[in-house]
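Asker: any chance you can model this:
(4 chains)
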Amino acid sequence: MIKVLFFAGMKEQAGTAEYELQQKEIAVAEIRAKVRAEFPGVTGTDRAMVAINEEFTNEDDTARTGDVVAFIPPVSGG
Amino acid sequence: MIKVLFFAGMKEQAGTAEYELQQKEIAVAEIRAKVRAEFPGVTGTDRAMVAINEEFTNEDDTARTGDVVAFIPPVSGG
Amino acid sequence: MGEKRNYFVTEEPLPTEELIQSVIRPEAGAVTTFIGTVRELTEGKRTLSLTYEAYKPMAEKKLAQLGAELEAKYEGTKVAMAHRIGKLEISETAVVIAVSSPHRDASFKASREAIERIKEFVPIWKKEHWEDGEMWIGDQLENVSYKDQKKPGEEESP
Amino acid sequence: MGEKRNYFVTEEPLPTEELIQSVIRPEAGAVTTFIGTVRELTEGKRTLSLTYEAYKPMAEKKLAQLGAELEAKYEGTKVAMAHRIGKLEISETAVVIAVSSPHRDASFKASREAIERIKEFVPIWKKEHWEDGEMWIGDQLENVSYKDQKKPGEEESP
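Answerer: Residues are numbered from 1 along each chain as shown, chains lettered A, B, ... in the order given. Sure thing, here's the model as predicted:
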């Protein structure tokens, strides 16, 4: 089980701050595809960065059971 | 009567923070000469800026009775 | 690297003076502070308030990483940074960056770079509230895409 | 030009937070602060304390003139500056400059220029106290001479 977090506009569009992937191991590119399929109303799934355990990833990085994945849309703090 | 102010090292060397010139009207260059003669132990009388009534002057500016003249050695605030 | 308390995200008003004090040291002669406040007008549009949201643990971690990087890059600097989240009114403080250094040049450069880089990759978002609507900022910029770029937060080559 | 209270010289500890607040406005989104503190080591020599002296009315007037000049030069800025005098211990604050502006670039530039120019012509002097003596700083610099130069405080051509 892998936890997926949404923030800001993506969270509002998804209607939830988090959901769970049942995979034991899944690449970032695949996570994007799963989220697109599960939440068709959420825009920016391609554009957002994906973090695993609070670190930014590359597309071929892999999340494993127990990891926390987060979609990071373009930031606007400061 | 024109009041002359000393600060910092010049004040310590002069042994006083102020003294008075009896002139009714005197140019900056002359003030320097007067102070040099009156306080031979004060260094930097040539190097210091001279202010009249809190504004920096040129050598040919003139102080008049009632004015306050100040010797401004190189500053080191900040 | 600074102590943990030097880098935080909070719902409370930011303790500017405390952050400044946390970087003052006998070997420092200069402290520069950058304070970001909620501006009423942006490109002629009137903002009523802002809401900031953060991925808090990651944002604090990224602030600490950024601080450590700046301290390594700008010799003798010590950095503290905090960002407020939640609803902020006009003129309230959203972010405070404090940098001390023996000489002022390093502090000015580091605090400037700090705010630029916070805006690039620290996971904090703001929603602007106007009279006629609201919007999460950042998300609408079609020209901003992270894909096929280097990871945000990776330092450019010097 | 800022209010009078935005520019002052005092024997009391400087109210940093108050100076920052005095420049925060709805139209500003950025405040940069420069804080000069007493550094213990300068070129390897250990300072025990400093004494600052000012020609107070002229120093306050020059700070106000400088502030007004910077506000005119850097669009949308508001400036506050204060300098402490008397005996200061290591790490105590000697000078605070706060500048607000709609966008951060103007604030950074104005606060940087402010401290450079204070060091050029505002009539304030410091005496360093060391274990083996003391000296008024500035006065010993043989290469600094105001004579035959333009008046200090006159702006360079842009």
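Asker: pLDDT below threshold where in chain C?
Answerer: Low-confidence regions of chain C, defined by pLDDT under 70, span residues C:1-4, C:139-158.
Asker: can you pull out the helices in it?
Answerer: C:16-23, C:56-73, C:104-121 (DSSP state H).
Asker: against which helices or strands is the second one packed?
Answerer: In this structure, helix C:56-73 makes packing contacts with strand C:7-10, strand C:78-84, helix C:104-121, judged by 3 or more CB pairs under 8 Å, 6 or more residues apart in numbering or on different chains; DSSP states H and E. Backbone N, C-alpha and C define where each C-beta goes, glycine included.
Asker: where's the residue of chain A found nearest chain C relative to residue A:13, distance?
Answerer: Per CB to the nearest CB, residue A:77 is where chain A lies closest to chain C, at 2.8 Å. Distance of residue A:77 to residue A:13, computed by CB to CB, to the nearest Å: 20 Å.
Asker: just residue C:120 next, same as before
Answerer: For residue C:120, the distance to residue A:13 - CB to CB - is 23 Å.
Asker: more neighbours, the two?
Answerer: Under the neighbour definition other CB atoms under 10 Å in any protein chain shown, residue C:120 and residue A:13 were set side by side, and residue A:13 has more, 18 against 13.
Asker: got a list of contacts for the strand or helix carrying the more buried one?
Answerer: Per DSSP states H and E: residue A:13 is located in helix A:8-14. Residues outside helix A:8-14 that contact it (CB atoms under 8 Å, 6 or more residues apart in numbering or on different chains) are A:6, A:17, A:39, A:41-45, A:48, A:71, A:73, C:53, C:125, C:127, C:136, C:138-139.
Asker: among these, which are in strands?
Answerer: A:71, C:53, C:125, C:127, C:136 (DSSP state E).
Asker: can you tell me which two in those residues are farthest apart?
Answerer: Spanning the widest gap among the ones in strands among the contacts of helix A:8-14 are A:71 and C:127, at 16.5 Å by CB to CB.
Asker: who has more neighbours, those two?
Answerer: Neighbours were counted for residue A:71 and for residue C:127 using other CB under 10 Å; residue A:71 has more, 25 against 20.
Asker: for that one, give the beta-bridge partners.
Answerer: residue A:50 (DSSP bridges).
Asker: would you mark the buried spots in stretch C:77-92?
Answerer: Going by neighbour count (16 or more other CB atoms under 10 Å in any protein chain shown), the buried part of stretch C:77-92 is C:77-85, C:88, C:90-92.
Asker: then stretch C:40-58?
Answerer: Residues C:40, C:47, C:50, C:51, C:52, C:53, C:54, C:55, C:56, C:58 are the ones in stretch C:40-58 that count as buried (16+ other CB under 10 Å).
Asker: let me know the closest of those to residue B:32.
Answerer: If you rank the buried residues of stretch C:40-58 by distance to residue B:32 using CB to CB, residue C:40 comes first, at 54.0 Å.
Asker: ok, residue C:118 - contacts?
Answerer: Contact analysis of residue C:118 by CB under 8 Å, 6+ apart lists A:77, A:78, C:63, C:66, C:81, C:83, C:95, C:97, C:124.
Asker: how many neighbours does residue 68 have?
Answerer: Defaulting to chain A. Close neighbours of residue A:68, defined as other CB under 10 Å, add up to 17.
Asker: if you could check chain C rather than the one you did, that'd help
Answerer: Neighbour number of residue C:68 under other CB under 10 Å is 14.
Asker: what separates it from residue C:83, distance-wise?
Answerer: Distance, residue C:68 to residue C:83, using CB to CB: 17 Å.
Asker: try residue C:56
Answerer: Note on residue C:56: its distance to residue C:83, by CB to CB, is 10 Å.
Asker: same question for residue C:11.
Answerer: 11 Å.
Asker: look through chain C and report the residue furthest from the middle.
Answerer: residue C:132 (28.2 Å; CA atoms, centre = their mean).
Asker: give the contact list for residue C:130.
Answerer: Shown in contact with residue C:130 (CB under 8 Å, 6+ apart): C:45, C:46, C:47, C:48.
Asker: still on that earlier bit, phi, psi of the residue farthest from the centre of chain C?
Answerer: phi -110, psi 20 (degrees, to the nearest 10).
Asker: distance of it from residue A:59?
Answerer: Counting by CB to CB, the gap from residue C:132 to residue A:59 is 39 Å.
Asker: please apply the same query to residue C:103.
Answerer: Here the criterion is CB to CB. By it, residue C:103 lies 43 Å from residue A:59.
Asker: go on, residue C:6?
Answerer: Distance, residue C:6 to residue A:59, using CB to CB: 33 Å.
Asker: of the two, which one has the most company?
Answerer: For residue C:6 and residue A:59, the more surrounded residue by other CB under 10 Å is residue C:6, and the numbers stand at 19 against 13.
Asker: these two touch, right, the more buried one and residue C:77?
Answerer: No - the pair residue C:6 and residue C:77 fails to qualify as a contact (CB atoms under 8 Å) at a distance of 12.0 Å.
Asker: pull the CA atoms of the helix or strand containing residue A:35 into PDB?
Answerer: Per DSSP H and E: residue A:35 is located in helix A:28-38. What follows is helix A:28-38, C-alpha atoms only, in PDB (Å, rounded to 0.1, in the frame of the first residue of the first chain):
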ATOM      1  CA  VAL A  28       6.400   7.500 -11.000                       C
ATOM      2  CA  ALA A  29       5.200   7.500 -14.600                       C
ATOM      3  CA  GLU A  30       2.700   4.700 -13.700                       C
ATOM      4  CA  ILE A  31       1.500   6.600 -10.700                       C
ATOM      5  CA  ARG A  32       0.600   9.600 -12.900                       C
ATOM      6  CA  ALA A  33      -1.400   7.200 -15.200                       C
ATOM      7  CA  LYS A  34      -3.200   5.600 -12.200                       C
ATOM      8  CA  VAL A  35      -4.100   9.000 -10.800                       C
ATOM      9  CA  ARG A  36      -5.300  10.300 -14.200                       C
ATOM     10  CA  ALA A  37      -7.600   7.300 -14.500                       C
ATOM     11  CA  GLU A  38      -8.900   7.500 -10.900                       C
END
